[in-house]
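Student: task: produce atomic coordinates for the following.
(2 chains)
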There are 2 protein chains.
Amino acid sequence: MTGAEKERYTVTPWEVRGDIDYDELVERFGTSRVDDELKTRLEKLAGDLHFMLRRNIFYSHRDMNWLLDEYEKGNKFALYTGRGPSGHTHVGHLMPWIFARWLQEKLGVELYFQLTDDEKYLFNFDLEMEDTHSYALENALDIIALGFDPEKTHIFVDTDYIHTLYPLALKVAKRVNFSTVKAVFGFDNSTNVGSIFYTAMQSAPCFLPSEREGRMVPVLIPCGIDQDAHFRVTRDVANTIGYHKPALLYNKLAPSLDGSGKMSASVPKTTIFTTDTPGDVDSKVAEAFTGGCMSAKEQREKGGNPHICAVQNYRFFLFEEDDSVVESIAQRCRSGELLCGECKNLLKDSIKSFLKEHQARREDARNKLDMFLLKD
Amino acid sequence: MTGAEKERYTVTPWEVRGDIDYDELVERFGTSRVDDELKTRLEKLAGDLHFMLRRNIFYSHRDMNWLLDEYEKGNKFALYTGRGPSGHTHVGHLMPWIFARWLQEKLGVELYFQLTDDEKYLFNFDLEMEDTHSYALENALDIIALGFDPEKTHIFVDTDYIHTLYPLALKVAKRVNFSTVKAVFGFDNSTNVGSIFYTAMQSAPCFLPSEREGRMVPVLIPCGIDQDAHFRVTRDVANTIGYHKPALLYNKLAPSLDGSGKMSASVPKTTIFTTDTPGDVDSKVAEAFTGGCMSAKEQREKGGNPHICAVQNYRFFLFEEDDSVVESIAQRCRSGELLCGECKNLLKDSIKSFLKEHQARREDARNKLDMFLLKD
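Tutor: All right, here's what the predicted structure looks like:
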């Protein structure tokens, strides 16, 4: 990354900062765009098109056409995604999981879900292993709450499944040197040796389906594009160690309620967590950045700007699947008919209704954990 | 390490080269010498003094006096040593194990023995994990064959015990950065990320006795001085993560049959393996470098030089516990009375008799493995 690019924005697995240019990111990382042809192909196979594909939220990929070729030949792929358990889940994290849930339902595929308690311990000085391990189990409840099929869904916490993961990680680690992780992740001499090794642990589950099934299983990873660095490394070594390269489908990162950057657990005020109360939702959305004017009078005259509005973005990314509703709200905003207060109330209701159901399923999931967890 | 030092000799956990100056090494590493006072103290506690202490083969240490203070207060220590399973065990490897066996018998202490199959896979491009794992189990037979108490001896292979070791390794890895491993091990940008992480795995067993017993257990590591780099790293972080620093007792490295450097598995011709046949022993010792003269006539007149003789060194380091026998052979050599052929025959007999018994116990150990192995 050049200095100039770094100034404008930064996208690494551990830091997302600035005003991300998603088009430029495709060039920078060398990924492919999800084009109409690929969408049509996915729609045919799935029977419909998920709104996150329709809206180009999942907008970039690696090797999706190869993956679908294999699928059409009868070589079913497995899904792999994950979460770094540094705290409670926020709704931005749910995006690739909701999408994976849709893929599982439509294509009948298995999901492997990694909870990287080791990563979050290594990269966060203030977190102890007990913290990241207990957050991992809390985060697992959110995954289960989304309705994954227990027969086809395998959740594992790194330190609980290390006996299986470690030999796979070693195969990767043997073939990745410090030059590579320095260039790819921006590590330097002060980076701890656990963090340096860690990318091998995130690679390991790419090869897990093949090891468990005893055949060469293609793997698709739906995840935020900030994770691309890891999987560039994985893809570089995959063939050498006898596996397929994983395919990837990347989503844009859900924006913050303050209208900029990425939703971030470290700024709780501008982020909706799955554990938030209705009161939390009310006060967070009330404070959200909008495209409204200084006064109601001015806005009735000039209209608002839904394009830059965090409230509308939340709706677009997560809380309104119906394109016509999203568009009609935008139009009523632009015309000055819908003021920010009322618009915020609509979003509050959507979020609270989602969370009410999610939290009930989440509590219910506590009794189901054992159906999903892989352990040594 | 300066360029000049590097030219004369190199001692790292992965490379021992040149003519080692053991006195200078104590200065270079900043360890302490085993002095008469410490020997007397050990003799009092153990009831006698092992010949490896008497002969200054175990010649350097860290924190032995602290360890013995704790022991005298009733705070029993645990022993920890290990082996990198890159091939069969050679007799040089046995030195710290024989010494550990003596300590266990005399002081009633537990032994933890690590077989680092991950290390040897990561550091040797040509070895597969199946290779290092199967050598690990072969090497375990040699440990058991030495007569350790199964009630007090715990052998583990890293990849089989990783569930327990990994969280301990993470604690270390979080606190060691690339600068440190670069300086301590001579790593550079081309070092693979597994090797960079590995020192944390060698540190982990230092804290295992405390975890298993639920109290602060002092740990003593008897091992070759080439391993000091790892334990300097361990000792730097131990207190920070809530454990005692391990104490160390270092042996000089058994010399090669060619008369120089360290016995090395990569030069089988000049190394006696525990799996060697009597024929192997005969031909290897026959080829050994001695301090003899060009002809029998010349040697009878001038005498030989036992000081530089590999045959006498083998005897001194491993195959003759009786100092008076070692000295009498040296005297007969210097006087010209004992010629190399006869002297080699004496050593051949000692080695063959040792191996005969060892190999029988080694085969017997195959049925006892489960009594010793710790697994996840």
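
Student: write out the residues of the stretch 1-150 of chain A neighbouring chain B.
Tutor: Counting by CB under 8 Å from any CB of the partner chain, the residues of the stretch 1-150 of chain A close to chain B are A:118, A:121-122, A:125, A:129. Placement of C-beta: from N, CA and C, glycine included.

Student: and residue A:13, how far is that from residue A:172?
Tutor: 16 Å (CB to CB, to the nearest Å).

Student: of the two, who's got more company?
Tutor: Legend: neighbour count by other CB atoms under 10 Å in any protein chain shown for residue A:13 and residue A:172, higher for residue A:172 (27 against 21).

Student: go ahead and report the secondary structure state at the residue nearest to residue A:128 when sequence neighbours are not counted.
Tutor: Distances taken as CB to CB, 6 or more residues apart in numbering or on different chains put residue A:121 closest to residue A:128, at 7.2 Å, once the chain neighbours are dropped. For residue A:121, the assignment made with DSSP: H, G, I helix; E, B strand; the rest coil gives helix.

Student: since we're on residue A:121, how many residues are nearby?
Tutor: Around residue A:121 there are 28 residues (other CB under 10 Å).

Student: coming back round to it: filter the residues of the stretch 1-150 of chain A next to chain B to the buried ones?
Tutor: A:118, A:121-122, A:129 (16 or more other CB atoms under 10 Å in any protein chain shown).

Student: farthest pair in those residues?
Tutor: Farthest pair in those (CB to CB) is A:122 and A:129. Separation: 9.8 Å.

Student: what sits in contact with each of these two?
Tutor: Counting by CB atoms under 8 Å, 6 or more residues apart in numbering or on different chains, the contacts common to residue A:122 and residue A:129 are residue B:170.

Student: could the buried ones among the residues of the stretch 1-150 of chain A next to chain B go into CSV alongside pLDDT?
Tutor: Converted to CSV, those look like this (pLDDT from 0 to 100):
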residue, pLDDT
A:118, 98
A:121, 98
A:122, 98
A:129, 98
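
Student: name the helix or strand for the residue of the stretch 201-350 of chain A at minimum distance from chain B, please.
Tutor: Residue nearest to chain B within the stretch 201-350 of chain A: residue A:233 (9.3 Å; CB to the nearest CB). Element membership for residue A:233, per DSSP states H and E: helix A:228-238.

Student: any idea how far that helix is from the middle of the chain?
Tutor: Centre-to-centre, helix A:228-238 and its host chain are 17 Å apart (CA atoms, centre = their mean, to the nearest Å).

Student: the next helix-or-strand element following it versus helix A:228-238: what angle between them?
Tutor: Next helix or strand after helix A:228-238 toward the C-terminus (DSSP H and E): strand A:247-251. In terms of direction (axes from the mean of the first three to the mean of the last three CA atoms, to 10 degrees), strand A:247-251 departs from helix A:228-238 by 180 degrees.

Student: what's in contact with strand A:247-251?
Tutor: Contacts of strand A:247-251 (CB under 8 Å, 6+ apart): A:31, A:34, A:52, A:57-64, A:66-67, A:77, A:95-96, A:99, A:218-225, A:227-228, A:231.

Student: average pLDDT across it?
Tutor: Averaging pLDDT along strand A:247-251 gives 98.

Student: okay, now the sheet partners of it, with direction.
Tutor: strand A:58-62 (antiparallel), strand A:219-224 (parallel) (DSSP bridges).

Student: which is the next helix or strand following that strand?
Tutor: helix A:278-286.

Student: which residues sit against that next one?
Tutor: Defining contact as CB under 8 Å, 6+ apart, one finds that helix A:278-286 is touched by A:257, A:269-273, A:276, A:311, A:344, A:347-348, A:351-352, A:355-356.

Student: can you pull the buried residues of that helix?
Tutor: For helix A:278-286, a neighbour-count test (16+ other CB under 10 Å) marks A:280-282, A:284-285 as buried.

Student: next helix or strand past that helix?
Tutor: helix A:296-302.

Student: after that next one, next one along is what?
Tutor: Taking DSSP H and E, what comes next after helix A:296-302 is helix A:310-314.

Student: near residue A:350, how many other residues are there?
Tutor: 18.

Student: that one belongs to a helix?
Tutor: Yes. Counting by three-state DSSP, residue A:350 is found in a helix.

Student: OK, contacts around residue A:220?
Tutor: Listed by CB under 8 Å, 6+ apart, the contact set of residue A:220 reads A:64, A:67, A:77-80, A:103, A:109, A:246-249.

Student: do you know how far residue A:275 is from residue B:32?
Tutor: Using CB to CB, we find residue A:275 at a distance of 55 Å from residue B:32.

Student: same question, residue A:168
Tutor: For residue A:168, the distance to residue B:32 - CB to CB - is 43 Å.

Student: that concludes my questions; thank you for your assistance.
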